[in-house]
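J.: All I have is the shape, not the residue letters:
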């Protein structure tokens, strides 16, 4: 495993392009014509977030190519456009029927920038619309990743800061679509090889130590829609005329045990790693990129501070954008920790107590999502409380199935040094 770094533009986002292309095709076919809320989400992604990310990426590449990346204006295809008479009215609302939409439109929308190549030769010309814009960004990301060593750390952080809102907006659109009949995207669990919602496994036993006989007992069951509507029937349906529902020929269940190798551990050093701070939503996002067996893997760890009033009050004296570790040490209320898009089975915190009197406490609560597609079932919660004496530290580990979120709260006389998870 190589060392981790904080750049997000080397990850594989081809699945997002495929999904955006599917969404765009549905929109062009008129399938979203009556859904103003969904169209608003798409327009925010298309007309705001993607354009900002594209221009910042071009600006960064211009800088490492020898141009002046500190300029706010980039020379290129903008030069042949006449802006002298453009007033850039952005304060009016676009009427939609008898109502007014909440999206701000201005003079930029009368000009077509999609065909602009910005003299880079990297615009995706195989399509149009927001999917092509995102494909162009991926073309630029490929170059930036190859030349990562030439990019200043500040520019890497700036690209992450522009990319994360795009990923967040994409996830919001995915979540919205999941509640409709449209399925243009590959499920996230399939992309990241999360546990299936169709099978539940439970193992109990002993490794042979402490005088107990060695052995493991495995129990399994089909759950969710599969468990409620199907029983594996072997060869019973092999001669059936038409298979319906979950019925398949050679309908057997095979369960294999394999060594746990090539572990993918995700670690964040809160003291030295810098997050993307979004104080508006009270969320920090740490980006961890790794190369494991020549495969690039990027994970995003998100901290959400649940007490907005305390966050705002504390930010007056300890600015999280400048001193994130100092802010984290001083914040003594509930924090949610998530590895976005991935479910964990183990999570650890390095919790420390300075050389003072008294006892420091850390309360942990892991939210485990059941292996079912029934959203009405509450998550299983695994709780633990850690106590530390003065001048000590401990790495406390939680193990559970399908950990989606860890909620924690520490006492004022202790602090978190690092976080580790395996997915």
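T.: That came through, no problem. Model, not experiment: these values are computed from the prediction. Numbers count the residues shown, from 1 in each chain.

J.: Would you mark the buried spots in stretch 156-172?
T.: 156-170 (16 or more other CB atoms under 10 Å). In this view, the C-beta of every residue, glycine as well, is placed from N, C-alpha and C.

J.: now do stretch 172-186
T.: Going by neighbour count (16+ other CB under 10 Å), the buried part of stretch 172-186 is 173-174, 177, 182, 184-185.

J.: First-to-last residue distance for that stretch?
T.: Using CA to CA, to the nearest Å, the end-to-end distance of stretch 172-186 comes to 15 Å.

J.: Same check on stretch 218-236?
T.: 26 Å.

J.: can you give me the helices for the chain?
T.: Remark: helices assigned in the chain by DSSP state H are 14-28, 36-44, 50-64, 129-146, 153-178, 188-191, 224-229, 308-317, 324-330.

J.: Show me the contact partners of the first one.
T.: For helix 14-28, contacts defined as CB atoms under 8 Å, 6 or more residues apart in numbering pick out 32, 39, 42, 127, 129-131, 134-135, 138, 167, 170, 173-174, 177, 182, 184-186, 191.

J.: try it again with 6 Å
T.: 129, 131, 134-135, 170, 182, 184-186, 191 (CB atoms under 6 Å, 6 or more residues apart in numbering).

J.: which of these lies closest to residue 54?
T.: The nearest member of the contacts of helix 14-28 to residue 54, counting by CB to CB, is residue 134 at 8.7 Å.

J.: separation between that closest one and residue 62?
T.: 20 Å (CB to CB, to the nearest Å).

J.: Looking at the two, which has the bigger crowd around it?
T.: Shown here are residue 134 and residue 62; by other CB atoms under 10 Å, residue 134 has more neighbours (25 against 19).

J.: Tabulate the contacts of helix 14-28 (JSON lines), appending pLDDT and distance to residue 220.
T.: Shown next, in JSON lines, are these (pLDDT from 0 to 100; distance: CB to CB, whole Å):
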{"residue": "129", "pLDDT": "88", "distance to residue 220": "45"}
{"residue": "131", "pLDDT": "92", "distance to residue 220": "40"}
{"residue": "134", "pLDDT": "93", "distance to residue 220": "40"}
{"residue": "135", "pLDDT": "92", "distance to residue 220": "42"}
{"residue": "170", "pLDDT": "92", "distance to residue 220": "34"}
{"residue": "182", "pLDDT": "84", "distance to residue 220": "33"}
{"residue": "184", "pLDDT": "85", "distance to residue 220": "33"}
{"residue": "185", "pLDDT": "81", "distance to residue 220": "29"}
{"residue": "186", "pLDDT": "70", "distance to residue 220": "26"}
{"residue": "191", "pLDDT": "57", "distance to residue 220": "24"}
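
J.: partners of the biggest strand by length in the chain, with directions?
T.: Counting by DSSP state E, the longest strand found in the chain is strand 393-410. With DSSP bridges as the test, strand 393-410 is paired with strand 335-339 (antiparallel), strand 344-352 (antiparallel), strand 360-368 (antiparallel).

J.: Rebuild those strands as JSON lines, extending it with mean pLDDT, distance to residue 218 and mean neighbour count.
T.: Listed next are the strands paired with strand 393-410 as JSON lines, based on pLDDT from 0 to 100; distance: least, CB to CB, whole Å; neighbours: other CB atoms under 10 Å:
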{"stretch": "strand 335-339", "mean pLDDT": "94", "distance to residue 218": "27", "mean neighbour count": "21"}
{"stretch": "strand 344-352", "mean pLDDT": "91", "distance to residue 218": "16", "mean neighbour count": "20"}
{"stretch": "strand 360-368", "mean pLDDT": "91", "distance to residue 218": "19", "mean neighbour count": "20"}
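
J.: Serialize the ones you listed to CSV and add fields for distance to residue 13.
T.: Shown next, in CSV, are the strands paired with strand 393-410 (distance: least, CB to CB, whole Å):
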stretch, distance to residue 13
strand 335-339, 17
strand 344-352, 22
strand 360-368, 27
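
J.: Give me the pLDDT value at the residue with the largest distance to the centre of the chain.
T.: Relative to the centre of the chain, and counting by CA atoms, centre = their mean, the farthest-placed residue is residue 239 at 45.3 Å. pLDDT for residue 239: 72.

J.: on that earlier part again, same list (the helices of the chain) but as a markdown table, adding distance to residue 257.
T.: Below are the helices of the chain laid out as a markdown table (distance: least, CB to CB, whole Å):
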| stretch | distance to residue 257 |
| --- | --- |
| helix 14-28 | 29 |
| helix 36-44 | 43 |
| helix 50-64 | 44 |
| helix 129-146 | 37 |
| helix 153-178 | 33 |
| helix 188-191 | 22 |
| helix 224-229 | 22 |
| helix 308-317 | 46 |
| helix 324-330 | 40 |
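
J.: and of those, who's closest to residue 199?
T.: helix 224-229 (7.8 Å).

J.: Okay, buried residues for the closest one please.
T.: Across helix 224-229, burial judged by 16+ other CB under 10 Å covers 224, 226-227.

J.: What residues are bridge-paired with residue 336?
T.: Here residue 336 sits in beta bridges with residue 304, residue 407, going by DSSP bridges.

J.: if I pick it, what's in contact with it?
T.: 304, 405, 407.

J.: Would you mind giving the domain segments of this protein?
T.: 14-186, 191-258, 265-422 (automatic domain parsing).

J.: highest average neighbour count across these?
T.: Comparing the domains of the chain by mean neighbour count (mean count of other CB atoms under 10 Å), domain 265-422 comes out on top with a mean of 17.

J.: Give the residue spans of the stretch 151-300 of the chain that score low on pLDDT.
T.: 187-197, 240-242 (pLDDT under 70).

J.: What are the boundaries of the strands in it?
T.: 199-206, 215-222, 265-269, 276-278, 283-292, 295-305 (DSSP state E, counting those that start in this stretch).

J.: where does the stretch 301-423 of the chain have low pLDDT?
T.: Where the stretch 301-423 of the chain drops to pLDDT under 70, the residues are 371-375.

J.: hang on, the earlier thing: which one of the buried residues of helix 224-229 sits closest to residue 376?
T.: residue 224 (11.9 Å).

J.: Okay then, goodbye and thanks.
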